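> Let's see this in three dimensions:
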Amino acid sequence: MNTAEHQSPFPADRKKIFRLVIPGFPTFNIYSSVARYTTALGPVMIATVVSKMPGWEVEVIDENNYHRRGPKDEASRPDHVALQAIRRADVVGFYGGLTSTTPRLYEISKFYKAQGAITLAGGQHFVDDNLREGLDRGIDYLIIGEGEVTIRELMDVIITGGNPETVDGLAFYRNKELVKTTPRTDIKDIDLLPLPDFSLLRHARIKLYPVSWERGCGMHCEFCTVKGRVRCPSPDYVMNQMVSLFERFNATYFFIVDDLFGQNRLLALDFCERLKIYQDTMGVKFFITVQIRLDKAKDFELLKAMQGAGVRVVAIGYESPIPEELEAMNKKLHPEEMIENTKIFHKAGFMVHGMFIFGYPAREGQFFSMSAEDRVKAFWKFIRKAHIDTIQILLPVPLPGTELTKRLNDDGRIFPKESIGWEYYDGNFPLFTPDYPLTAENLHLANKTLMARFYQFSYVFAIVLDLLLFPMILFPFFNVKDGWRKWYHSWRNNIWRFVGWNILRKWTQNRNKDNFAGKLKAVEKNLPKNVKGTAAGK
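Next comes the predicted model:
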């Protein structure tokens, strides 16, 4: 199909069907268990916009959250042959926000393309050379940047047979030549966007609802894809999302997906106060998780307001306890200050989820060298000292479009995609030649060692002990409220450490089947001798 033809491919006497697919993970991984009860917010937003347009029926298939009643293929994945037979989609969109799922994205898009559907995709994977990659693999249109306005204009073009070059923020082929239209400007009036409609999801169960408030981030971390001026709509925007979800679906568990909650302090205080009043009025308590900067620990008024609003977990990007690595990432905090701020969050009653990057590559001119064993010791000492409740330790990922990727590419350090493909770009695998004296193999092992040290089977016995000690919080010489808080904190953490052990066990079993270790050895053996290892004094 020539995607630039100016004629409508659809009959005018029926509604058109738009199916949006969130591709599944390559195999079971550390995110799979949570993904079964939540979903990605961006695709739901795009689907909601199309559902408001006349002439379209819309559905979302999340392959990571797809339960028993949905038709499945022999690999227990959604059966798109059956889905298409039951309800034939005219246009199929794909979520490209997770690079590790793009092989599955291309697999499904090839099927729908063969079925005659118009295919489109968007997400952070599709930048630079990946535009041609996507168009060569069965995608008709790629949406670049924020998609809510672009998708509306593109669907009008598809329906009417108009000229796609009039739509900003698109990439497509015309006569085998790449066409990129004028870049789409960031959406200014976020308040005017429709509330995400989670009822569009088919065969899914949502327990943890993602909601959004702010867009953009001004922190300029080298490894991150989220950049740009921070845009913060009114508190009504996120308030209405949560209220609607509670009143429609009885939702009480929420994850505010913004990278940095509270960037606009006054609006955050207003939102928290109003959300507290709503919960008090309705007689309900929300359980909210937010991502937040460590230095917000010093804002005691904000912390108090967050507690009142139902924020229970703060997810914090510590990234590393090693000063030289923090400097390489453009992070400004010092490890001792990070520990002190963590203690403040704990004292204020929050549970802390710590996110780390292990083995971050030094910058040119940083004469820094540390073995894998010493790094493991530094990380473990920090985690223990900060008393972090749950952790996530990933390896550096050269994601498309980031400064980190450009730096590593310029140095010739990223492993060839023919050997280590996109499916490994989830933070659990080494993807480039690390700093001396590290090797990719010991980097991989060290990361798993840290996670296995934190998440252990033995915590099942701690759970039993917690249950035996539970009656003690009712004894009259205890402060019951304080006793309950301490007991629950211990019980929850022990459960998560046991659950984490089980997740790691399943993940290891699945990954052992694809012989990643063998692929890694082959790649390292064939690397040219002059590949630049690092600026760390090698």
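> so how far is the longest helix belonging to the chain off the chain centroid?
Counting by DSSP state H, the longest helix found in the chain is helix 480-512. Averaged C-alpha coordinates place helix 480-512 at 21 Å from its chain's average position (CA atoms, centre = their mean, to the nearest Å).
> going on from it, what's the next piece of helix or strand?
helix 516-526 (DSSP states H and E).
> so Ser419 sits right up against Phe516, yeah?
No: in terms of CB atoms under 8 Å, Ser419 does not count as a neighbour of Phe516; the distance is 10.5 Å. C-beta: built from backbone N, CA, C; applies to glycine.
> Mind checking which of those two has more residues around it?
Phe516 (17 against 13; other CB atoms under 10 Å).
> Look up how far Ala522 lies from that one.
Computed as CB to CB, to the nearest Å, the Phe516 to Ala522 distance reads 11 Å.
> Now stretch 405-424: buried residues?
For stretch 405-424, the neighbour count (16 or more other CB atoms under 10 Å) marks 405, 407-408, 411, 413-415, 420, 422-424 as buried.
> now that stretch: how far from the chain's centre is it?
21 Å.
> Could you do stretch 53-64 as well?
With CA atoms, centre = their mean, you get 21 Å for stretch 53-64.
> Residues contacting that stretch, please?
15-25, 31-32, 35-36, 39-40, 43-44, 47-48, 50-51, 70, 77-78, 83, 87, 104, 152, 155-156, 159, 200-204 (CB atoms under 8 Å, 6 or more residues apart in numbering).
> One more: stretch 165-184?
Contacts of stretch 165-184 (CB under 8 Å, 6+ apart): 2-4, 126, 131-132, 135, 140-147, 149-150, 153-154, 157, 164, 185.
> Which members of those occur in strands, if any?
Among these, the members found in strands (DSSP state E) are 141-143.
> any chance you could map the strands in the stretch 351-500 of the chain?
Along the stretch 351-500 of the chain, counting by DSSP state E, counting those that start in this stretch, strands occupy 351-357, 390-394.
> can I get the ones you listed in TSV with distance to Asp191 and mean neighbour count?
Listed next are the strands of the stretch 351-500 of the chain as TSV, based on distance: least, CB to CB, whole Å; neighbours: other CB atoms under 10 Å:
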stretch	distance to Asp191	mean neighbour count
strand 351-357	30	20
strand 390-394	32	20
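> Throw the ones you listed into JSON lines and include mean pLDDT, thanks.
Below are the strands of the stretch 351-500 of the chain laid out as JSON lines (pLDDT from 0 to 100):
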{"stretch": "strand 351-357", "mean pLDDT": "96"}
{"stretch": "strand 390-394", "mean pLDDT": "95"}
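> Met370 is nearest to which of those strands?
Met370 lies closest to strand 351-357 among those, at 14.2 Å (CB to CB).
> can you give me the angle the closest one makes with strand 390-394?
Angle of strand 351-357 versus strand 390-394, following axes from the mean of the first three to the mean of the last three CA atoms, to 10 degrees, is 10 degrees.
> Please list the residues outside strand 351-357 that contact it.
223, 289, 312-320, 325, 329, 342, 345-346, 379, 383, 386, 388-396, 489, 492-493.
> from the ones in strands among the contacts of stretch 165-184, which single one is nearest Met306?
Closest to Met306, out of all of these and judged by CB to CB, is Ile143, at 34.3 Å.
> Tell me how many other residues surround the closest residue to that closest one other than its chain neighbours.
Take Ile143 and drop its neighbours on the chain: the residue closest to it by CB to CB, 6 or more residues apart in numbering is Gly122, 3.5 Å away. Residues near Gly122, counting by other CB under 10 Å, number 27.
> Could you do Gly218 as well?
10.
> Report the contact partners of the spatially most central residue of the chain.
Computing the C-alpha centroid of the chain and ranking residues by CA atoms, centre = their mean puts Leu98 first, at 7.2 Å. By CB under 8 Å, 6+ apart, Leu98 lies in contact with 23, 25, 40, 123, 125, 426.
> For the helix or strand hosting Leu83, name the packing helices and strands.
Using DSSP H and E, Leu83 sits in helix 80-86. Counting contacts by 3 or more CB pairs under 8 Å, 6 or more residues apart in numbering; DSSP states H and E, helix 80-86 packs against helix 102-114.
> Apply 6 Å and report the result again.
Packed against helix 80-86 by the contact rule (3 or more CB pairs under 6 Å, 6 or more residues apart in numbering; DSSP states H and E) you find no helix or strand.
> What is the distance between it and the centre of its chain?
Using CA atoms, centre = their mean, the offset of helix 80-86 from its chain centre is 28 Å.
> Name the residues of it that are buried.
80, 83-84.
> Sheet-wise, list the partners of the next helix or strand after that helix with their directions.
The helix or strand immediately downstream of helix 80-86 is strand 91-95, counting by DSSP H and E. When pairs are called by DSSP bridges, strand 91-95 turns out to pair with strand 16-22 (parallel), strand 118-122 (parallel).
> Let me know which of these is the nearest to Phe249.
That would be strand 16-22 among the strands paired with strand 91-95, by CB to CB, at 18.8 Å.
> one step back: need the contact partners of the helix holding Leu83.
71, 108, 111, 115 (CB atoms under 6 Å, 6 or more residues apart in numbering).
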